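Engineer: A structural model of the following input is requested.
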Amino acid sequence: MSDERTPEAMASAMRSIEAAFLLDERGATLAGASEVWLVRHGDCYEDIADEDPPLSAMGREQARRLAERVNRLPYAAVYASPLRRALETARAITSDVRVDERLVEIHTELEDGHVQPAESSDVVLERMRAAVVEAVAVHPGRRVILVGHGVAILGYLCDVLRLEFGALRFLPYYTSVSIVRALGGRHMVGSLGDVAHLEAVPDGA
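Structural biologist: Just a heads-up that it's a prediction; the model follows:
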């Protein structure tokens, strides 16, 4: 075995890889990096009767569980799309919500029962990138919560992963948490669509 492949050298190399992905040796976000939680709003489609619907009963329960999870951790700010379903989800976490128009869902049209995009992916990514970059700049090295919408969040995650818009065969579920770590010009995906807070607790647990 050469000196270059000593256990100590291998350990140092692995720590360097972790740091490149903005992780420390415990798997937490690297000191100095920001942690952006991209959260999809709660369900709003039960008995829907409005183009800008509020949360359904199920959505309110999802938002309540999300809030319990988020409020166990320190965070600097909560941002939300101005649409009711996103605002109500954010306000379940805190009353101090900062509205950001850039977090709205991709504009769509309904054709023959199918949702079709009516906004270019470039425009969506430009506004989502700007919203994230600004939140990180305002709260460097902190955790920030951005409550938005499924396709816009998915598009941004594809961008960070360097995939074509829509290439990721994944749709964030209601109140799911996807984490992006940011430091300088580096942005790294930490998790995708985590819904641990929605898991049912077995009887007697």
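Engineer: wait, isn't Arg40 in contact with Leu192?
Structural biologist: No - the pair Arg40 / Leu192 is not scored as a contact, 11.6 Å apart, by C-beta atoms under 8 Å. Any C-beta I mention is one placed from the backbone N, CA and C, and that applies to glycine too.
Engineer: tell me which of those two has more neighbours.
Structural biologist: The residue with more neighbours, out of Arg40 and Leu192, is Arg40; 29 against 16, by other C-beta atoms under 10 Å.
Engineer: tell me the phi and psi of that one?
Structural biologist: Main-chain torsions, Arg40, degrees, to the nearest 10: phi -80, psi 150.
Engineer: apart from its neighbours in sequence, what residue is nearest it?
Structural biologist: Residue nearest to Arg40 in three dimensions, not counting chain neighbours: Pro172, with 4.4 Å by C-beta to C-beta, 6 or more residues apart in numbering.
Engineer: tally up the residues packed near that neighbour, please.
Structural biologist: 24.
Engineer: now list whatever residues contact both of Arg40 and Leu192.
Structural biologist: When contacts are counted by C-beta atoms under 8 Å, 6 or more residues apart in numbering, Arg40 and Leu192 are jointly contacted by Pro172.
Engineer: isn't Ala135 up against Val147?
Structural biologist: No - between Ala135 and Val147 there is no contact under C-beta under 8 Å: 11.7 Å.
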